[in-house]
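> Need the 3D shape of this:
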Amino acid sequence: DKEQPLFHKATTAGGILLAAAGVATTLMMYQSTTKTQLLEKKNNDDDDDDDSTSTTIFNWSGTHQVSTKHFWEPETEAEVEAIVRDCHARGQAIRPVGSSLSPNGIGFSSDGMLSLANLNEIVSVDTEKREVTVQAGARVSQVLDALKPYGLTLPNLASIAEQQMGGFVQVGAHGTGAKISPVDHYVTSLKLVTPSCGTLTLTSARELTSSHEGSELFHLAKVGLGCLGIVTQVTMQCVPSHDLVEHTFVLSRAEAKRQRDTLLKKHKHVRYMWIPYTDSVVVVTNDPETDVSEDAPRNERQDDAVCLQPLRELYQQLLNNNAKATAATATTSDADAGTMGFGELRDVLLAMDPLNVQHVRKVNQAEAEFWKRSEGYQTKPSEQLLQFDCGGQQWVWEVAFSTGTLTKNNDNDMNLMEQLLEKIEERQIPAPAPIEQRWSSSSSSLMSPVHGNGNDGLHSWVGIIMYLPELQSDDDNDDTNTIRQDITNQFQGPYCQLVRDLNNDNDFKIASHWAKLELPYQFWTLVDLQHDLQQRYPLDKFNAARAMLDPKRILGNSLLNL
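Predicted coordinates for the structure are as follows:
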């Protein structure tokens with residue numbers, strides 16, 4: 001096959017699903033003697049001890065994996081319906097899984113999974129209504145390509161476009177823009193295969209039963225987390241395709257705070273990238289080219305070699321002076337470093353000593369200089385500029401919270417960031433860059449972290465991150481796994497706890513992005529999480545809908561059931 005995964009891991013049982021950003025498709029390798037089986041063998045209980053038929057799946061960030069002996073890949077909606085009907089009758093778990101891009105592996109279940117990768121057709125494009133209808137397994141990038149001939153595009157994008165459309169909306173993916181809602185808000189219709197009520201087509205106007213109004217069920221199901229039914233088809237609003245003018249520049253922390261209101265009101269898309277242990281905030285704005293004055297710059301950028309010089313110089317300096325760094329980069333030659341892009345260089349530099357605060361500070365300072373040299377403009381189609389390099393394998397936790405309205409910001413966004421950076425430096429947390437901050441309008445989806453009524457609601461999304469060194473060869477894996485575990489402990493322990501402490505002390509009312517919510521390891525953290533979820537979401541309505549549509553709870557997993 002011409003398409004190769006970006007990382008590999010051998011397996012002796014069945015196969016592996018590898019999801020990698022930038023690869024044209026999610027690659028699956030699993031034991032299968034024929035094309036996708038419609039239903040599992042009825043006598044599967046007879047060979048439960050035979051591990052040779054299991055399928056192992058890894059998420060893209062390398063933080064979660066799962067093995068299951070119950071894995072389906074239907075090719076038609078009729079097959080999905082038959083599988084769900086059979087599993088419901090037997091009480092067999094069947095969790096819908098997409099491209100496995102979610103950092104928390106939200107689609108994983110060792111008890112059973114169903115992939116929609118083969119249901120990837122573009123069903124129709126309605127140019128009058130500006131709507132596109134697709135099967136849920138179609139990738140976002142595939143939909144964007146299909147819309148180009150019609151002069152249309154999707155209203156917003158997340159940082160990558162290799163998600164399947166079903167997962168894209170079910171977890172409430174978002175981009176940035178003070179007047180732009182998360183993607184689920186723009187869904188106009190869903191087709192849902194449910195265990196107990198068959199296949200439902202939900203819209204805002206449909207009434208399902210006398211006791212359960214369809215419009216409410218629709219707004220629950222848009223961010224249904226795969227728990228209310230398996231989404232097989234999505235209809236979403238589109239907007240005219242357009243080019244964006246992107247402006248990248250660096251401000252001090254004080255200037256970023258002072259200019260926030262002006263930037264959010266002036267620009268369609270705005271994101272901040274705060275760099276810990278520096279006084280640098282990278283600002284990226286994007287605006288439709290038709291809204292930018294004719295005499296404004298369109299394409300003014302430094303050469304990549306000039307921008308990357310601070311990172312390359314730091315790499316060479318550390319390599320010459322530090323035996324630990326030499327060992328960490330044993331597989332990277334000088335020539336390789338000279339051809340690396342920004343994200344790769346940062347990953348290699350951090351991997352040299354990822355939990356040493358002074359080392360991380362040096363890398364962050366070099367990154368700040370990289371961004372200062374990268375200031376400038378570029379003009380490209382929106383679908384190209386709204387995606388960006390997220391770095392390599394990583395732990396990430398992103399939270400959302402209200403920050404008032406666009407007309408009257410209550411300063412929650414800046415207060416949280418000021419305190420977060422202050423506490424990172426006070427507690428000496430080895431926090432790499434960036435801490436990314438984005439904004440969005442409210443969503444009409446009842447289970448969205450930014451649910452709200454009206455278009456003036458303003459919400460901020462803040463994501464903390466720690467990068468994981470990738471496994472190289474069998475000889476290095478023991479040491480690398482130890483380092484990865486140490487980073488995991490630092491991230492899930494002190495770093496995430498810092499965010500929780502800030503929330504408890506200030507009542508920011510943060511809510512996790514659903515695809516980045518991790519199962520707490522400590523009992524009282526779990527209790528607090530359950531309390532926060534009950535306070536924030538209409539869980540009584542969600543669980544009532546779940547009891548009606550999936551009374552045996554075959555669609556959930558340990559995280560969502562808890």
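> Only alpha carbons, please: show stretch 292-300 as PDB.
Only the C-alpha atoms of stretch 292-300 are listed here, as PDB (Å, rounded to 0.1, in the frame of the first residue of the first chain):
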ATOM      1  CA  VAL A 292      -9.000  43.000   4.200                       C
ATOM      2  CA  SER A 293      -8.100  46.300   2.700                       C
ATOM      3  CA  GLU A 294      -6.500  46.200  -0.700                       C
ATOM      4  CA  ASP A 295      -3.300  47.900   0.500                       C
ATOM      5  CA  ALA A 296      -2.800  45.500   3.400                       C
ATOM      6  CA  PRO A 297       0.000  42.900   3.200                       C
ATOM      7  CA  ARG A 298      -1.000  39.500   1.800                       C
ATOM      8  CA  ASN A 299       2.200  37.500   1.700                       C
ATOM      9  CA  GLU A 300       5.200  38.600   3.700                       C
END
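> how about that stretch: buried residues?
Neighbour-count burial for stretch 292-300 flags residue 292 (criterion: 16 or more other C-beta atoms under 10 Å). C-beta here means a position set from N, CA and C on the backbone, and glycine is covered the same way.
> Report the mean confidence score over that stretch.
The pLDDT scores in stretch 292-300 average 85.
> With stretch 57-75 instead?
Mean predicted lDDT for stretch 57-75 stands at 89.
> The closest residue to residue 152 other than its chain neighbours: how many residues sit nearby?
Once flanking residues are discounted, residue 152 sits nearest to residue 238: 4.1 Å by C-beta to C-beta, 6 or more residues apart in numbering. Neighbour count for residue 238, taken as other C-beta atoms under 10 Å: 21.
> my read: residue 238 touches residue 132, true?
Yes: when contacts are counted by C-beta atoms under 8 Å, residue 238 is listed as touching residue 132 (5.6 Å).
> okay, and the common contacts of those two?
Common neighbours of residue 238 and residue 132, counting by C-beta atoms under 8 Å, 6 or more residues apart in numbering, are 125, 147, 152, 154.
> which ones are touching the third one?
Contact criterion C-beta under 8 Å, 6+ apart gives 125, 127, 130, 132, 238, 239, 240, 241 as the residues in contact with residue 152.
> In a strand, the first one, correct?
The one in question is residue 125. Yes: the assignment for residue 125 (DSSP: H, G, I helix; E, B strand; the rest coil) places it in a strand.
> looking at the sheet around it, what are its partners?
Here residue 125 shows beta-bridge partners residue 132, assigned using DSSP bridges.
> dump the residue contacts of the residue nearest to residue 152.
125, 130, 131, 132, 147, 152, 153, 154, 155.
> and those as CSV, adding pLDDT and distance to residue 115?
Converted to CSV, the contacts of residue 238 look like this (pLDDT from 0 to 100; distance: C-beta to C-beta, whole Å):
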residue, pLDDT, distance to residue 115
125, 97, 25
130, 97, 30
131, 97, 26
132, 97, 22
147, 97, 24
152, 97, 28
153, 96, 27
154, 95, 23
155, 92, 27
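> Just the closest of these to residue 64, please.
residue 154 (27.1 Å; C-beta to C-beta).
> Below-threshold pLDDT in the stretch 51-200 of the chain: ranges please.
Residues of the stretch 51-200 of the chain that meet the criterion pLDDT under 70 lie in 51-52.
> Tell me which stretches of it form strands.
For the stretch 51-200 of the chain, the strands defined by DSSP state E, counting those that start in this stretch cover 55-58, 65-68, 71-72, 95-97, 113-115, 122-126, 131-135, 152-153, 187-194, 198-203.
> Pick the most deeply packed of these.
Stretch with highest mean neighbour count among the strands of the stretch 51-200 of the chain: strand 95-97 (a mean of 28; mean count of other C-beta atoms under 10 Å).
> ok so, going back, let's have the shared contacts of residue 238 and residue 132 in JSON lines, adding distance to residue 399.
Putting these into JSON lines (distance: C-beta to C-beta, whole Å) gives the following:
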{"residue": "125", "distance to residue 399": "36"}
{"residue": "147", "distance to residue 399": "31"}
{"residue": "152", "distance to residue 399": "32"}
{"residue": "154", "distance to residue 399": "24"}
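> Surely residue 127 and residue 240 touch.
No: the criterion here is C-beta under 8 Å, and residue 127 misses it with residue 240 at 10.3 Å.
> mind listing what's buried in stretch 313-323?
314, 315, 318, 319.
> same deal with stretch 71-85?
The neighbour-count criterion (16+ other C-beta under 10 Å) identifies 71, 72, 73, 74, 77, 79, 80, 81, 83, 84, 85 as the buried residues of stretch 71-85.
> Out of those, list just those in helices.
Per DSSP state H, helices hold the following members of the buried residues of stretch 71-85: 77, 79, 80, 81, 83, 84, 85.
> For my notes, please list these in TSV and give distance to residue 439 for each entry.
Listed next are these as TSV, based on distance: C-beta to C-beta, whole Å:
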residue	distance to residue 439
77	37
79	41
80	37
81	40
83	40
84	38
85	43
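> quick one: which of those residues is nearest residue 507?
residue 84 (41.8 Å).
> measure the closest one to residue 491 for me?
Distance of residue 84 to residue 491, given as C-beta to C-beta, to the nearest Å: 37 Å.
> Equivalent analysis for residue 350, please.
Residue 350 is 13 Å from residue 491, by C-beta to C-beta.
> Could you measure from residue 439 over to residue 116?
31 Å.
> so how far is residue 106 from residue 226?
Taking C-beta to C-beta, one finds residue 226 at 8 Å from residue 106.
> what is in contact with those two at once?
Counting by C-beta under 8 Å, 6+ apart, the residues touching both residue 226 and residue 106 are residue 560.
> Pull whichever strand or helix holds residue 379 out as PDB, backbone CA atoms only.
Assessed by DSSP states H and E, residue 379 sits inside strand 376-381. Extracted in PDB, the C-alpha atoms of strand 376-381 (Å, rounded to 0.1, in the frame of the first residue of the first chain):
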ATOM      1  CA  GLY A 376       4.200  38.100   8.800                       C
ATOM      2  CA  TYR A 377       1.300  37.400   6.500                       C
ATOM      3  CA  GLN A 378       0.100  34.600   4.200                       C
ATOM      4  CA  THR A 379      -3.000  34.100   2.100                       C
ATOM      5  CA  LYS A 380      -4.500  30.700   1.400                       C
ATOM      6  CA  PRO A 381      -7.800  28.900   1.300                       C
END
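> Among the shared contacts of residue 238 and residue 132, which one sits closest to residue 205?
Using C-beta to C-beta, the shared contacts of residue 238 and residue 132 come closest to residue 205 at residue 125, 21.8 Å.
> Let me see the contact set for that closest one.
Per C-beta under 8 Å, 6+ apart, neighbours of residue 125: 131, 132, 133, 146, 147, 150, 152, 238.
> Is residue 55 bridged to anything, and to what?
Judged by DSSP bridges, the bridge partners of residue 55 are residue 15, residue 68.
> isn't it right up against residue 73?
No: with contact defined as C-beta under 8 Å, residue 55 does not reach residue 73; the gap is 9.6 Å.
> Skipping adjacent residues, who's closest to residue 186 in space?
Residue 186 sits nearest to residue 237 (C-beta to C-beta, 6+ apart), 4.3 Å away.
> Perfect, I'm done here.
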